[in-house]
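K.L.:
Sequence first, then the predicted structure, then my questions.
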Amino acid sequence: MDPMRKILADWTQEVPESEIRRLLKSKTKYYLAGGLPGNLPTKIFPEILRELADYYDSDEQNVINEFQYGPTAGIPSLRKVLAERIRRRDKIDYISGAEDWEKILITTGSQQAIYIALDILINPGDIVVTPSPAYLGFVTAIVKKRGHVVTAPTDSEGLIPEYVEDTIIKAEKKFGRKVKILYVVEDSDNPKGTTLPFRRREQLYNIAEEHDVIILSDSAYKEMQFEERIPSLKTLDKDNSRVIYASSSSKEAAPLRIGYTFMPDRLHYEAEKSKGYLDLCTPTITQRIAELYYVKYIDKELPTILQKYKRQKEAAYNALLDTFPEGEYTNPTGGFFIWWQPKDEKALTFDVNKFNQEILLPNEILVVPGSAFYPPSGHSYDPEARKIEHLKVIRGGMRIGYSLLPKEMIDVGVRKLGKLLSENL
């Protein structure tokens, strides 16, 4: 046995390296794996940096003030801008930049926001209900925190409320513990790309109210919507007591690593305390860049960026329709990903990990295997048996990313992928 294992925390042996982080090390021509933004406002950021340089050059005190530790919750000016933005963008009419900005907590990416939520809510053994499949950065973090993951079924519209409620009831009965969190990605879910209709959002909110469950709404793709945005779950949370809203600038301005969260009042203080122990504060300079970007540029730049992503999605989707074998797939209205899986038992048995390594990589193609979007341990709700069973993993599924490459390369890459799938499935 490696002597180092004796001194390492148990979770280091239980939680594997992120599959996407591992795949990022592979250089391929047709990279359809990680959700790397391919359409960034490259001309805008140099302009913002020049503007900030002039500001710092004009008065030494400006440098002293901002090249310094900042407030743990984030600089007030950015928090005001983001409070006003989510009021307008997400139709959350009970928050405003003028009066409620102190309810916004700036985080180092929305990954930190969802980790903080787990940090302040989850004790060992507490239950978290997630979609099946779900964002790997969340499900693995639950296991790291010693929480218990129970996955609930999804379809082409995302989580199915009827099954979510039964999952909560059956999980609490089976394990004798409270379901603390229901994890939801409302818009362009990662990995499937599905968007919850408003009627399902209402149903999920009512279920959470009925069973006293906190909803963690991961809204990382809120800005990346090709169609009209649907009002957020947070709009239903009129007394700000049920929904943790987490969002990010990382899809439209990835290098800044600016996330932000609007939490129930009863949780905000504990969240700020947790963040203080994680990183003291998010860097002030990146917050200032984000502030200028949101105030002066994003609404001018975003329509062009979204049109590019929409064309890239259409290239991937049309190539899939033309070349893939029979299966189940999504047609996203935003975000970075399409999900595909074989029909019937092959969804469970086809080994996409092996297919990736032995077939796709030699052909300069890479996708993310569906198995990456399940926790290292946990349980699943079986809608046919209506009970909680051992974790069910869709190993034959795959996430196809269309965010990075030009649409012409996406078309070629996805067609090659479809041909290879047809030959090997």
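P.N.:
Right, received. Where do you want to start? Here the structure is a predicted model, which means the values were calculated and not measured.

K.L.:
can I see the domain layout of the chain?
P.N.:
The record's domain parsing of the chain by automatic domain parsing lists 3-39+302-424, 45-298.

K.L.:
Could you single out the most deeply buried of those domains?
P.N.:
Neighbour counts (mean count of other Cβ atoms under 10 Å) averaged over each of those peak at domain 45-298, with a mean of 20. Where C-beta positions appear, they are placed from N, C-alpha and C, glycine not excepted.

K.L.:
Looks like Val150 contacts Ser377 (just checking).
P.N.:
No: Val150 is beyond contact range of Ser377, at 11.2 Å (criterion: Cβ atoms under 8 Å).

K.L.:
quick one: average pLDDT of stretch 360-377?
P.N.:
Mean pLDDT, stretch 360-377: 96.

K.L.:
and the end-to-end length of it?
P.N.:
Using Cα to Cα, to the nearest Å, the end-to-end distance of stretch 360-377 comes to 28 Å.

K.L.:
How about stretch 257-268?
P.N.:
First-to-last residue span, stretch 257-268, Cα to Cα: 21 Å.

K.L.:
Mean confidence (pLDDT) on that stretch, please.
P.N.:
95.

K.L.:
From Lys313, how far off is Glu301?
P.N.:
19 Å (Cβ to Cβ, to the nearest Å).

K.L.:
Contacts only, for Ala134.
P.N.:
Contacts for Ala134 (Cβ atoms under 8 Å, 6 or more residues apart in numbering) come out as 151, 183, 185, 191, 373-374.

K.L.:
from these, which ones fall inside strands?
P.N.:
151, 183 (DSSP state E).

K.L.:
Could I get the full set of helices for the stretch 151-300 of the chain?
P.N.:
Using DSSP state H, counting those that start in this stretch, the helices found in the stretch 151-300 of the chain span residues 161-175, 198-211, 265-279, 284-292, 298-323.

K.L.:
got those helices as CSV, with distance to Ala83 columns?
P.N.:
Listed next are these as CSV, based on distance: least, Cβ to Cβ, whole Å:
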stretch, distance to Ala83
helix 161-175, 30
helix 198-211, 21
helix 265-279, 13
helix 284-292, 12
helix 298-323, 15
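
K.L.:
Quick one: name whatever helix or strand follows the helix or strand bottoming out on mean pLDDT in the chain.
P.N.:
Ranked by mean pLDDT, DSSP states H and E, the weakest helix or strand in the chain is helix 19-23, scoring a mean of 75. Tracing the chain C-terminally past helix 19-23 and defining elements by DSSP states H and E, one meets strand 30-31 next.

K.L.:
any idea which helix or strand comes after that following strand?
P.N.:
With elements assigned by DSSP H and E, the helix or strand that comes after strand 30-31 is helix 44-58.

K.L.:
Outside of the helix or strand just after that next one itself, list whatever touches it.
P.N.:
Next in sequence after helix 44-58, counting helices and strands by DSSP H and E, comes helix 60-66. For helix 60-66, contacts defined as Cβ under 8 Å, 6+ apart pick out 55-56, 284-285, 288.

K.L.:
Pick out the most distant pair among those residues.
P.N.:
Greatest spatial distance among the contacts of helix 60-66 (Cβ to Cβ): Tyr55 and Thr284, at 12.7 Å.

K.L.:
where are the low-confidence patches of this protein?
P.N.:
Applying pLDDT under 70 to the chain picks out residues 1.
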